[in-house]
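Enquirer: structural data only, the sequence is not supplied:
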Ligand SMILES: Nc1ncnc2c1ncn2[C@@H]1O[C@H](COP(=O)(O)OP(=O)(O)OP(=O)(O)O)[C@@H](O)[C@H]1O
């Protein structure tokens, strides 16, 4: 058992942002959360992480409502990397990654095994060589990988990632997703790139206006009809050794050019 959502609802400003969402992953699966801007991916991740509380339905960890777990108990299991983790303070990368150890420290701040967990997290994300660099000297992509290292130092069994590839170059996009899917954790990963989702996710959940409009393996769920319906974009999908490859068509080919 792992982190699951049952009939989840979450409203803001009079709008149902997450509308009747049920997702029940198998332990160790990578679930891609897809959908256009404003479809509710980040909101769903925040509710799954226990940052925002649902207005209806439940988020359960091993079958138990996370509302009944303490924050510390939850943080020992579930780690999240949001979209906007900015800080300009004079802190080194290792200290950012060390923040992931807070749920594991005792009341005196002792954390046996913390240094090893930090080293492992830096190694897994390919960030060991940056450990002593000042945070403000890091590029956007390097910061993103360091935030993922911070989440891994938390030694979670469930990992929630909001667009983990959005600052990364192509090689680092492939690299970080390869590393994430090889971890023995259940991951929910919000992604905009449908081809990356097809390559790396065991299953995808496609949201539109907060509701699930398709789910299944990437091949099952990401059809040309679905992409046109949800994104308003025509696409041609081919098969490359069992992985869907999605090619988009230009929105309008008759636009006059200056
Ligand atoms: N705190 C809030 N107050 C009011 N509206 C909110 C709040 N949080 C989210 N929303 C609205 O809920 C909708 C879903 O937002 P969310 O950020 O979850 O979408 P998303 O799929 O992650 O979008 P994107 O791909 O642009 O990051 C949007 O219309 C957003 O404006």
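Expert: Arrived safely, thanks for sending. Since we're looking at a predicted model, the values are computed, not measured.
Enquirer: all contacts plus neighbour counts: C-alpha atoms, from now on.
Expert: Will do.
Enquirer: tell me, what residue is most central in the protein?
Expert: residue 161 (1.9 Å; Cα atoms, centre = their mean).
Enquirer: how near is that residue to residue 109?
Expert: Between residue 161 and residue 109 the distance, using Cα to Cα, to the nearest Å, works out to 27 Å.
Enquirer: still on that earlier bit, tell me which residues are up against the strand or helix carrying the residue nearest to the centre of the chain.
Expert: Secondary structure from DSSP states H and E places residue 161 in strand 158-162. Applying Cα atoms under 8 Å, 6 or more residues apart in numbering, the contact partners of strand 158-162 are 2-3, 41-42, 45, 49, 77-83, 151, 185-191.
Enquirer: and the ligand, which of the residues you listed contact it?
Expert: 41, 42 (Cα under 6 Å from any ligand atom).
Enquirer: shouldn't residue 107 be within a strand?
Expert: No - using DSSP: H, G, I helix; E, B strand; the rest coil, the secondary structure at residue 107 is coil, not a strand.
Enquirer: residue ranges for the helices of the stretch 1-150 of the chain, please.
Expert: Listed in chain order, the helices of the stretch 1-150 of the chain (DSSP state H, counting those that start in this stretch) span residues 41-48, 71-77, 93-98, 114-124, 140-153.
Enquirer: tell me the most buried of these?
Expert: Mean neighbour counts were taken over those using mean count of other Cα atoms under 10 Å, and the top value, a mean of 25, falls to helix 140-153.
Enquirer: show me what that one is packed against.
Expert: On a contact count with 3 or more Cα pairs under 8 Å, 6 or more residues apart in numbering; DSSP states H and E, helix 140-153 meets strand 78-81, helix 93-98, helix 114-124.
Enquirer: show me what from this protein comes close to the ligand.
Expert: For the chain, the residues in contact with the ligand under the definition Cα under 6 Å from any ligand atom are 12, 13, 17, 36, 37, 38, 39, 40, 41, 42, 43.
Enquirer: which of the residues you listed has the most neighbours?
Expert: Scoring those on neighbours with other Cα atoms under 10 Å, the highest-scoring entry is residue 41 at 28 neighbours.
Enquirer: find me the pLDDT at it, would you?
Expert: Residue 41 carries a pLDDT value of 98.
Enquirer: correct me, but it touches residue 207?
Expert: Yes - look at residue 41 against residue 207 with Cα atoms under 8 Å: they come within range, at 7.2 Å.
Enquirer: okay, and the common contacts of those two?
Expert: Going by Cα under 8 Å, 6+ apart, residues that sit against residue 41 and also against residue 207 are 33, 34, 35.
Enquirer: can you tell me which of the residues you listed is nearest residue 244?
Expert: Within the shared contacts of residue 41 and residue 207, distances to residue 244 taken as Cα to Cα reach their minimum at residue 34, with 15.3 Å.
Enquirer: residues contacting the closest one?
Expert: The contact partners of residue 34, by Cα under 8 Å, 6+ apart, come to 41, 190, 191, 192, 194, 204, 205, 206, 207.
Enquirer: those residues: which two are farthest apart?
Expert: Taking Cα to Cα as the measure, the contacts of residue 34 reach their widest spread between 41 and 194, a distance of 14.1 Å.
Enquirer: can you put the helices and strands packed on helix 140-153 in JSON lines and add mean pLDDT?
Expert: Rendered in JSON lines, the data for the helices and strands packed on helix 140-153 read as follows (pLDDT from 0 to 100):
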{"stretch": "strand 78-81", "mean pLDDT": "96"}
{"stretch": "helix 93-98", "mean pLDDT": "95"}
{"stretch": "helix 114-124", "mean pLDDT": "94"}
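Enquirer: make TSV out of these and add distance to residue 144.
Expert: Converted to TSV, these look like this (distance: least, Cα to Cα, whole Å):
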stretch	distance to residue 144
strand 78-81	9
helix 93-98	11
helix 114-124	12
